[in-house]
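In: what shape does this take:
(chains A and B)
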Amino acid sequence: MQDLSNSDCIVIQGSNMAECHPVAYQWVTEARLKGAKVIHIDPRFTRTSATADKHIPIRAGSDVVLLGAVINHILANDLYFKEYVVSYTNAATIVSDDFRDTEDLEGLFSGYDDQKGSYSQDTWAYATDDGSGDDSAGALGTIGGPAAQHEDGEVASDRAAGHEHGSGGPPLEHARVKRDETLQDPNTVFQILKRHYARYTPEMVRDTCGISVDDFAYLAKAVTENSGRERTTAFVYAVGWTQHTLGAQFIRTAAIVQLLLGNMGRPGGGIMALRGHASIQGSTDIPTLYNILPGYLAMPVAGLHDTWDDYIAAIGSKQQKGFWANADTYAVSFMKSWWGEKATAANSWAYDYLPRLSGAHGTYQTTMAMLDDEVEGYFLLGQNPAVGSAHGRMQRLAMSHLKWLVVRDFAMIESATFWKDGPEIATGELVTEDIDTEVFFLPAAAHTEKSGSFTQTQRMLQWHHQAVTPKGDCRSELQFFHELGQRLRALLADSTDERDRPLLDLTWDYPVDEHGEPDAEAVLAEINGYHLTGDQAGQPLSSFTQMKADGSTSGGCWIYTGVYAGGVNQAANRKPGREQNLTALEWGWAWPANRRILYNRASADPEGNPWSERKKYVWWDADEGRWTGNDVPDFPVTKAPSYRPEPGTGGPDGLAGDDPFIMQADGKGWLFTPKGMLDGPLPSHYEPQESPVRNPLYAQQSNPARKVFPRKDNLWSPSGGEPGSDVYPFVFTTYRLTEHHTAGGMSRWLPYLSELQPEFFCEISPELAQERGLTNGGWATIVSARTAIEARVMVTERMTPLMISGHTVHQIGLPYHWGVGNSAVVSGDAANDLLGVALDPNVQIQESKAGSCDIQPGRRPTGEALLRLVAEYQSRSGTTTETGNQLRTGHPASTPDTMGG
Amino acid sequence: MDFWRNQLSGPTNPSVDAAWKDGEPRKGFFTDTSICIGCKACEVACKEWNAIPEDGLDMLSQSYDNTGALGASTWRHVAFVEQSSDRIEQARESGRRLVELGMPSLRSREGSDAVGAPGGSPLGTAATMPQTNGSLAVADVPALPDMRWLMSSDVCKHCTHAACLDVCPTGSLFRSEFGTVVVQDDICNGCGYCVAACPFGVIERRKGDEGHENGKQSHGISIRGSSSASVVDATTSTTQSVGSAHAANSGFANNGEVKNVGIAQKCTLCYDRLGDGQTPACAQACPTTSIKFGDLADMRAAAQERVAQLHGQGFTEARLYGADPNDGVGGTGSVFLLLDEPEVYGLPPDPRVTTADLPDMFRKAGYAALTMMAMAAAAFVRRRP
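Out: Below is the predicted model of the structure:
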């Protein structure tokens, strides 16, 4: 994070960093004081824009066009970092002859399956010289995935396979690729890239994003002039990029820019993903997600990974390059940490104790299953879906179908009280007496009342010590789950049912203090892992490279191994910054191996020398015969830059001395993704699920692989000038303010924060205020195809109407912190109620940053009249369950089965 | 003569004047609004540390400012000002003129030793331009943006000549060994003279629940005692209130009373923290170091350096406020770098301590008295036949 202060140019896009990450923003401030240029690209002029050198307003959801045009600018003007691109990326790698680009197929890549609404990725694969040999599956002469070969896109999407790439790229069966280092072969990634982005021009940016040609030139000049040997540019994003049906591809576009400019793995470079809470990074590393296991190990899929060998073969191949080739050691150590002695080679490490995925079970699918009475109980831990999740009405109605609901939070949040004071009680859709849900509220301890770690945005674990004991009935999550487990095990102690074995055989023996609070360091030690046998038995592992696949090591999360090295809680390291260099290796502990900049081998040239004195970071010390520098080298430490493995060598040994991307299956940075991205190997612009604009680039309007849910309670505005789209003519986008925390559970109950932003408001331009008769400080009613809400009006020049292909597009800003209830210090309508549910296929994230709405002066109707208003709008727009849910557009003949599920 | 004069106005060391023998170096703030991000952490940290009640839940519809002004229950206030490019141009021009007058700080009586040596133009200070490493040199005159959003955290000025202190009849207000001005809430009798005297409108008497439409002012913040002894550090402040909030919800004892109703209240520059060698809560919480704290001499120097740097980059709208010991209050203990006229931020352009006019008033009163005596005498003289 502090490395941002080394940047010469920082582009903040899809993030309002100053408001949402004010503490981290100090490093942007520092960079700027040192002369860096800071550019903020956002629909709104925010507190970030106010402290940037330049703000460029953009239409929400059009980011791929802007960054695609930057790629085109770089390629067309030969501004890429040639030596870096040729040596460190897959630019020179040759892709299968069968690959067809969106330019050839009117906005689709080859491999699209109309019936399934998803891609098969086999035509995107790398070409290989190999004969058919071990290349038994997939298209002839291409490199598929290991074991599972070319997995079907629909299945991969159901398990939101994108999450598995949280610590490295997807596996390939091997890395014997064909390359043309001159970059001239028409099938090289480089040439494909050039063709793909040829139509992403400054004029296309003007007509799609609403950004002037001059502003585009400013951006393109700033990032290219501030990249190269001497200078580096960083990108910063947050959920303004991720929460779109094309979210993962937004980030991929920035990755391509940064690889072309040679900014990855270097000081002041990179792409900084700002996470939304104190430990959201931690909650994907050690996931609270349905589809991955700790350390980004995939969750096994029923029918696909029926045996341990199937599973291991699918998560990493011994023939691929890099450290994912050792996935078997991570997986066995993980199984040993969960089931200890009960996990043996004979029972495949208790593989059958692990659940198998039968389909998509993300939060939105679960919500819909609740509505179908398929879910009995629900735990909410620091989560307030009645306010914080998309389509609040669907969330609340769904919870009213539960038999029981447990809410663990600091206060009586709206998700705990919707049954008596929620909006649906007011409209008469729910009647308190008719709701059978039993709601348990369990007060939670705050972070100063318990010990534990946060893993922040930079993958750094920072320990916090308990300062005071929790008051009253407040308990830590650790204590709650520990005790819940003990009670369940006690209940089942005499069970002979096989299905209870996974629970009964769990290692569940943590020391507790006099208040029953388990020792959090004991949990950290278990996560770190230790030797089970040999003369080091019982001693903590110091690195994941010590993990074995023979059951002699245990470790709960391989990427965290080292955090308890030497039996010391490294996350608690707190040597002040002034007593060490800027990298500050003795403050906290960052995975993997306390490395602060990933892939930092790329900060040196192919020969191992720093690219420049100014950007020196990690380099090869020829005299010592090892990598050294300001950080922990992210490379086998004694592997010389000149090293070249025998062709076909897999694993870390297969990495050449100039393969810096050691978690990628071929050791290179991927400009083109032959595997892993479910909606295309290259980012292409598609419009949001709801958009007033017709896609100017392709006949295909929206992401053809997105997940849609055609339901009567999930209607969409007609898009792109279709009949009825003028009923919801404006774009809205949701966001957070500095003064509040997400759905308000940690801020709206606090008077000191509530008084700073007491009421829900909408931000609109003076032009829109004029057009609709809205006044500053007055009220407005905002209507989407789902519901209508009211907000106080803030008229501000910080909102700019954009000219898109000759039409004015107004954007409305909606902070989403407020909710309807009687318990908080301040309350108000919830912006997220306006949203519908449509998901990105890679990680199943909802599109909450762009939608269509109308706005009218005055307060909304109450009671049943509110429902009538919403219905009247729906009827006027002519929306049906079909609207917006055709995955493939521009081809009237095909109407695929679009059921998400 | 100067010494006596400076007891009323002009440069002086107030803690020495207040008879602190081994006074600490005078402490103060330098608030650099050019790097303020408007996060309001200063407002919250201040309230947490000093246990100040919530001050109204009204939306003011003034950009992102729902605090409004400094007062008895608001000791830090972040102003938000939205401006379009014509106003920015004016600010740049007015700042440039100040420099040409040799006065990047405001309303100096006798010029100042500030930046921009005599006749200094932005180019004249270019020597302080930061290194930009090559091709991308900063333009001399930065392009005018379409708009800007000014944010500035206001606070008590801790004036060299503090009118509030001078008029206080009870001795409740006193000058600390750090040169700051502090109210003793157990001595104040609520007379309110200080409220009228403060040229900045900083100090006020605390109202009770009246005037708070949304019910009780404190919203469950228990303010029974006189201090927030349990708070360890500003960094733990959020949690402290989390604790109180769920305490309120879990039905823990809580009187919810507002303390010090009717008593004059203002920033103490965290007198209790300074005594322990700590930084005031607001400066401690500021993530971008927009609020700097230290010896006032260092703060003034840092302010001069920063304004010179900005002018060197062509940002001539930058100017200092309160940095000039020759201004109407003898300079303030809270120095600000502003990017426009002080009025834009709600600050008085030419604050004057009431005592500054005392000699003149005495002189005039003296003349009047003499005149009256002379007239009276004359009357007698005339009567004499």
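
In: so what strands line up beside the helix or strand hosting A:S852?
Out: For A:S852, the element it lies in under DSSP states H and E is strand A:851-857. In the sheet, strand A:851-857 lines up against strand A:730-735 (antiparallel), strand A:779-783 (antiparallel) (DSSP bridges).

In: what lies in contact with it?
Out: Contact with strand A:851-857 is made by A:688-692, A:717, A:719, A:725, A:727-733, A:762, A:764, A:768, A:772-775, A:778-785, A:793, A:812, A:834-836, A:873, as judged by C-beta atoms under 8 Å, 6 or more residues apart in numbering or on different chains. The way it works is simple: take the backbone N, C-alpha and C, and place the C-beta from them, glycine included.

In: then stretch A:405-414?
Out: Under the criterion C-beta under 8 Å, 6+ apart, residues A:377-382, A:384, A:386-387, A:399, A:415-416, A:422, A:437-444, A:446, A:477, A:480, A:743-746, A:749, A:819-821, A:823-824, A:830, B:242, B:245-246, B:249 lie in contact with stretch A:405-414.

In: center of chain B - which residue?
Out: Closest to where the C-alpha atoms of chain B average out (C-alpha atoms, centre = their mean) is B:K157, at 2.9 Å.

In: for my notes, confirm that residue occurs in a helix.
Out: No - under the criterion used here (DSSP: H, G, I helix; E, B strand; the rest coil), B:K157 is coil, not part of a helix.

In: and the strands paired with strand A:851-857 as TSV, adding mean neighbour count?
Out: Shown next, in TSV, are the strands paired with strand A:851-857 (neighbours: other C-beta atoms under 10 Å in any protein chain shown):
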stretch	mean neighbour count
strand A:730-735	24
strand A:779-783	22
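
In: make CSV from these and add mean pLDDT to it.
Out: As requested, the strands paired with strand A:851-857 are exported to CSV (pLDDT from 0 to 100):
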stretch, mean pLDDT
strand A:730-735, 96
strand A:779-783, 98
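
In: got a list of what the most centrally placed residue in chain A touches?
Out: The centroid of chain A falls nearest to A:T242 when counting by C-alpha atoms, centre = their mean (5.9 Å). Counting by C-beta under 8 Å, 6+ apart, A:T242 touches A:G14, A:A248, A:F250, A:I251, A:D840, A:V843, A:I845.

In: what mean pLDDT does the strand holding A:S852 have?
Out: Averaging pLDDT along strand A:851-857 gives 98.

In: so what's the gap between it and the chain middle?
Out: A distance of 29 Å separates the centroid of the chain from that of strand A:851-857, by C-alpha atoms, centre = their mean, to the nearest Å.

In: give me the buried positions along stretch A:479-491.
Out: For stretch A:479-491, a neighbour-count test (16 or more other C-beta atoms under 10 Å in any protein chain shown) marks A:Q479, A:F480, A:F481, A:H482, A:R489 as buried.

In: my bad, should have said stretch A:521-533
Out: Buried residues in stretch A:521-533, counted by 16+ other C-beta under 10 Å: A:E521, A:V523, A:L524, A:A525, A:E526, A:I527, A:N528, A:G529, A:Y530, A:H531, A:L532.

In: quick one: the first one is in a strand?
Out: No - according to three-state DSSP, the state of A:E521 is helix, so it is not within a strand.

In: that one against A:S451, yeah?
Out: Yes - using C-beta atoms under 8 Å, A:E521 is in contact with A:S451, at 7.4 Å.

In: what is the neighbour count of whatever residue of the stretch 451-600 of chain A ends up closest to chain B?
Out: Distances between the stretch 451-600 of chain A and chain B by C-beta to the nearest C-beta are smallest at A:G472, namely 5.1 Å. By other C-beta atoms under 10 Å in any protein chain shown, the residues close to A:G472 number 11.

In: likewise the one 5 residues further on?
Out: A:E477: 14 surrounding residues under other C-beta under 10 Å.

In: what's the closest non-adjacent residue to it?
Out: Among residues not flanking A:E477 along the chain, A:L381 sits closest, at 6.2 Å (C-beta to C-beta, 6 or more residues apart in numbering or on different chains).

In: show me the contacts for that neighbour.
Out: Listed by C-beta under 8 Å, 6+ apart, the contact partners of A:L381 are A:R408, A:D409, A:A444, A:E477.

In: now, which of those residues lie within strands?
Out: A:R408, A:D409 (DSSP state E).

In: what's the farthest-apart pair in the contacts of A:L381?
Out: A:D409 and A:E477 (11.0 Å; C-beta to C-beta).

In: anything in contact with each of those two?
Out: With C-beta under 8 Å, 6+ apart, A:D409 and A:E477 have common neighbours A:L381, A:A444.

In: rewinding a little: contacts with chain B among the buried residues of stretch A:521-533, please.
Out: Among these, no residue is within reach of chain B (C-beta under 8 Å from any C-beta of the partner chain).
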